[in-house]
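A.B. asks: Pasting the sequence and the predicted coordinates here, then a few questions.
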Amino acid sequence: MQRLSSRDSGKPRLPVKVLQFGEGNFLRAFVDYMLDIANEQGKFGGSIILVKPIPYGSLQAFHEQDCRYTVLLRGLEDGQRVEKTRLITSVADAVDAYTEYEKYAAYARLDSLRFIVSNTTEAGIVLDDSDRFALTPPNTYPGKLTKFLYERALAFDYASDKGLIILPVELIDDNGIVLERCVKALAEHWVLGGKFLQWLDDACVFTSTLVDRIVTGYPRDEAEALWQKIGYEDRLLVTAEPFGLWVIESRKDIHTEMPLPECGLPVLFTDNQKPYKQRKVRILNGAHTSFVPAAFLCGHNSVLEAMDDPLIKSFMQHTLYDEVIPTLDLPLDDLLNFAKAVTSRFENPYIKHSLLSICLNSVSKWRARCLPSLLGYYERKGALPPRLTFSLAALMALYQNGTLADGTLVCTRDGEPYTLRDDEAVLAFFAENTLLPAQEQVSAFLSRADFFGQDLTRIPGLSAAVTASFAAIQRNGMRAAMETEFRK
């Protein structure tokens with residue numbers, strides 16, 4: 001079978017508009033995919049340069065394929081299986097910031113450059129005072145970006161129209177604000193001058209973004225079968241779900257320069273991304289966190305498997321529609337459509353999402369994703385949300401009868417061991433208190449302000465309700481407890 005190669009690729013050669021720190025699967029199946037569609041429609045007219053921002057790894061496959069690769073989106077739309085295949089031609093080149101520093105640095109002087117995109121992981125946007133301007137390149141991503149922007153400012157004599165639009169997609173709150181602070185702190189630490197700091201304010205735009213798409217990456221187990229289907233060998237093939245959302249918060253209007261919504265793409269420009277972040281955390285992530293312990297203790301191992309269980313699916317949907325959505329302030333149709341999409345995503349037959357992997361750090365996840373909904377429900381309705389309350393009991397049940405081992409808690413389900421990873425204090429709590437009577441253990445758990453940010457025993461009726469559910473789970477098992485409580 002013929003492989004994609006750099007010979008006679010025939011891809012369009014467009015001016016470079018985007019420098020992208022990160023060549024991983026997510027950016028290629030999300031940002032680069034969208035820009036490829038915008039180029040095809042004649043509404044963007046720019047290409048992308050990929051930058052490998054770390055000293056290890058190889059760009060060989062990119063060069064062998066002339067930076068072309070295939071994105072395969074697979075999942076459910078309106079209940080039907082869909083597969084969408086696209087050969088991406090929006091990437092012009094890939095450069096190693098370490099071994100090809102001069103080539104990389106020269107892009108700072110490129111007149112057509114307008115955007116910086118990054119995905120350097122959550123740990124990538126950190127301020128490190130030990131980073132040095134003299135390094136080629138500096139160690140950290142903020143260091144690389146600061147030096148790159150400074151050299152661009154010098155090259156164009158601080159021209160206001162040569163600033164760049166910065167679009168980080170790292171999964172931290174207010175990622176653009178945090179990145180801007182890091183850049184300015186380094187500029188001051190490196191004594192790059194007030195004129196540069198003023199140019200950052202006047203000419204550059206640091207946006208904060210929210211991204212949402214499950215990217216499953218290179219389909220190693222299916223690669224050859226998929227190559228047969230698409231008709232060529234592609235070593236950079238990347239698979240993902242059809243759903244996507246990119247919310248871009250900016251203090252300046254940039255939509256005319258990046259007209260992705262006009263291309264029918266799921267991009268939203270706003271001056272406040274927080275309601276959309278709240279929607280994602282409370283509905284998508286909150287759904288996971290609220291039903292996964294119960295689903296796992298009912299014998300399931302993946303989200304897809306759990307969604308095939310009517311009891312679990314009903315629990316999840318009633319949690320979303322009856323207990324989470326009533327606490328949110330976005331337009332109801334918007335919330336309902338997002339919740340509907342969440343169900344389709346959970347039922348995607350191409351994604352095998354392990355329940356145990358979702359259980360990582362479950363207590364802190366419950367605090368961040370579910371507690372705000374429980375508190376909001378109680379505040380608005382003066383009553384406890386029954387399924388979110390039950391999810392607390394299910395969470396406790398997940399951690400029962402475990403043994404500490406190498407920083408983990410080893411528990412059993414139907415005689416088979418499973419391993420939980422969480423904060424040391426959480427694991428120690430359950431190891432030490434697992435033999436307490438239900439009421440005492442629930443009271444001790446809910447009163448831990450270090451776990452929940454407050455003493456939850458002060459919420460009227462919560463301890464009693466969680467205790468009743470927890471005792472029922474211990475006495476009858478998870479499935480019987482759920483059937484009794486939610487099929488009354």
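C.D. replies: Looks like it came in fine.
A.B. asks: for stretch 459-479, which positions count as buried?
C.D. replies: 459, 462-463, 465-474, 478-479 (16 or more other CB atoms under 10 Å). No exception for glycine: its C-beta is placed from N, CA and C like everyone else's.
A.B. asks: Apologies, that question was intended for stretch 84-91.
C.D. replies: 88-91.
A.B. asks: Now, the buried residues of stretch 459-479 that are in strands?
C.D. replies: In strands, judged by DSSP state E, none of the buried residues of stretch 459-479 are found.
A.B. asks: Quick check: V363 touching V426?
C.D. replies: Yes. Assessed by CB atoms under 8 Å, V363 is found in contact with V426 at 4.8 Å.
A.B. asks: intersection of neighbour lists for those two?
C.D. replies: Common contacts of V363 and V426 (CB atoms under 8 Å, 6 or more residues apart in numbering): F451.
A.B. asks: just to revisit the earlier point, looking at the buried residues of stretch 459-479, which are in helices?
C.D. replies: Among the buried residues of stretch 459-479, DSSP state H puts 462-463, 465-474, 478-479 in helices.
A.B. asks: Pick the one among these closest to P310.
C.D. replies: R479 (11.6 Å; CB to CB).
A.B. asks: Contact partners for the closest one?
C.D. replies: 298-299, 311.
A.B. asks: now K352
C.D. replies: Residues in contact with K352 (CB under 8 Å, 6+ apart) are 302, 304.
A.B. asks: likewise R114?
C.D. replies: By CB under 8 Å, 6+ apart, the contact set of R114 is 17-18, 46, 164-165, 257.
A.B. asks: So how do I select the buried members of those in PyMOL?
C.D. replies: Selection of the buried residues among the contacts of R114 in PyMOL, burial being defined by 16+ other CB under 10 Å:
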select buried, resi 17+18+46+164+165
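A.B. asks: Which single one of the contacts of R114 is nearest to A155?
C.D. replies: Closest approach to A155 among the contacts of R114 (CB to CB): L164, at 12.2 Å.
A.B. asks: That closest one and R114: what is the separation?
C.D. replies: Going from L164 to R114 by CB to CB, to the nearest Å gives 6 Å.
A.B. asks: go on, F243?
C.D. replies: To R114, F243 is 28 Å away according to CB to CB.
A.B. asks: What strand or helix carries the closest residue to Y98 other than its chain neighbours?
C.D. replies: Nearest in space to Y98, with sequence neighbours left out and distances taken as CB to CB, 6 or more residues apart in numbering, is P55 at 4.8 Å. Per DSSP states H and E: P55 is located in neither a helix nor a strand.
A.B. asks: Would you confirm that P55 contacts E100?
C.D. replies: No. Look at P55 against E100 with CB under 8 Å: they stay out of range, at 11.9 Å.
A.B. asks: more neighbours, the two?
C.D. replies: E100 (15 against 11; other CB atoms under 10 Å).
A.B. asks: before we move on, back to that, please identify which pair of the contacts of R114 lies farthest apart.
C.D. replies: The distance between the two most remote of those (CB to CB) is 12.9 Å, for G46 and L164.
A.B. asks: that older thread, can you list the contacts of R114 in JSON lines and add secondary structure and distance to R213?
C.D. replies: Converted to JSON lines, the contacts of R114 look like this (DSSP: H, G, I helix; E, B strand; the rest coil; distance: CB to CB, whole Å):
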{"residue": "K17", "secondary structure": "strand", "distance to R213": "22"}
{"residue": "V18", "secondary structure": "strand", "distance to R213": "18"}
{"residue": "G46", "secondary structure": "coil", "distance to R213": "22"}
{"residue": "L164", "secondary structure": "coil", "distance to R213": "24"}
{"residue": "I165", "secondary structure": "strand", "distance to R213": "21"}
{"residue": "E257", "secondary structure": "coil", "distance to R213": "23"}
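A.B. asks: wait, which of the contacts of R114 is closest to A444?
C.D. replies: Nearest member of the contacts of R114 to A444, counting by CB to CB, is I165, at 50.7 Å.
A.B. asks: residue contacts, the closest one?
C.D. replies: 114-116, 204-205, 207, 250, 254, 257-258.
A.B. asks: What confidence value was assigned to it?
C.D. replies: In this model, I165 is scored at 98, pLDDT.
A.B. asks: same deal with the one 10 residues further on?
C.D. replies: With respect to pLDDT, N175 scores 96.
A.B. asks: repeat for the one 10 residues further on
C.D. replies: Confidence at A185, expressed as pLDDT, is 98.
A.B. asks: Leaving out chain neighbours, which residue sits closest to it?
C.D. replies: The shortest distance from A185 to any non-neighbouring residue, by CB to CB, 6+ apart, is to L127 (5.5 Å).
A.B. asks: What separation do you get for that neighbour and H63?
C.D. replies: Applying CB to CB to L127 and H63 gives a distance of 34 Å.
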